[in-house]
Every structure is written in structure tokens, then in C-alpha cells.
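Q: Take a look and give me a structure for this.
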Amino acid sequence: MIWFHQKFPGVLIYHCPNGEKRSIKTAVRLKKMGVVAGIPDLFVPSWMLYIELKREKGGIVSEAQKKIMSYLSRHGYTCLVCHGATDASIKVLKFLENKERKI
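A: Have a look, this model is predicted:
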């Protein structure tokens, strides 16, 4: 997040709080509020970009995440799966490069 804010000041990026362990009571409350399993970790609205962050080693995309990212992709969003901060920065820059080529 620090890299992103330094590189792209003024571009909104936010975290979708979905993936942490929580009590059943909290999970039920959050589900009632609209939390959906599988939503990627970060969203950049102006770029229609979702970013799922995984550990550098061993991070696995769940079936719920695959299903949600497939849905989002069909509706015009780009979804990146990034393994660690370095991978995320490389993929975001490549995404922007490809986006600029299309313009």
C-alpha cells in the first residue's frame, strides 16, 4: 500500500476486509452486512482493478475466489493474483502498461 500511494498519489485503492479469522458471531453479522466470500483483497475503482494478495510461497487461490474473480472478469473488471509485494508492483505496472496501449 505504501508503494502504491507513493507511485500513484490521488488514486483511490482500498482493502476489502474479507479474509481474516473471526468468531462465528462476527462472521454472521458481517455476512448480514454484505461481506461476500472470495472478494479480492484490494480494489482500485478508477482502473476497474481487483488485486488478490497471496504469500510469496504457498498462497493458494480458493474456489470461492476463483468463482468471484471469474464473475468480475466477465463483467469487465481485471483481477490480478499477486504473490508478495514485489510481484504485486510488477503486475500493477504491467496492467497499466497494457491499459495505456489500448487507449
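Q: which stretches of this protein form helices?
A: Remark: helices assigned in the chain by DSSP state H are 2-7, 24-33, 63-74, 85-102.
Q: helices or strands up against the last one?
A: Where contact means 3 or more C-beta pairs under 8 Å, 6 or more residues apart in numbering; DSSP states H and E, helix 85-102 is packed against helix 2-7, strand 49-54, strand 78-83. (C-beta placed from N, C-alpha, C; glycine too.)
Q: How about Met1: what's its closest non-neighbour residue?
A: Leaving out its chain neighbours, the residue that sits closest to Met1 by C-beta to C-beta, 6 or more residues apart in numbering is Ile13, at 7.1 Å.
Q: quick one, what contacts Cys79?
A: By C-beta atoms under 8 Å, 6 or more residues apart in numbering, the contact set of Cys79 is 40, 49-52, 69, 72-73.
Q: For these, which two are the farthest from each other?
A: Ile51 and Ser73 (13.3 Å; C-beta to C-beta).
Q: The two: who's more crowded?
A: The neighbour count for Ile51 versus Ser73, taken as other C-beta atoms under 10 Å, is higher for Ile51 (22 against 12).
Q: And the pLDDT for the more buried one?
A: For Ile51, the model assigns a pLDDT of 98.
Q: so it bridges to which residues?
A: For Ile51, the beta-bridge partners are Leu42, Leu80 (DSSP bridges).
Q: what's the residue closest to the geometric middle of this protein?
A: Ile51 (2.4 Å; C-alpha atoms, centre = their mean).
Q: how close does the spatially closest residue to Leu53 that is not a sequence neighbour get to Lys102?
A: The shortest distance from Leu53 to any non-neighbouring residue, by C-beta to C-beta, 6+ apart, is to Asp41 (4.7 Å). Going from Asp41 to Lys102 by C-beta to C-beta, to the nearest Å gives 25 Å.
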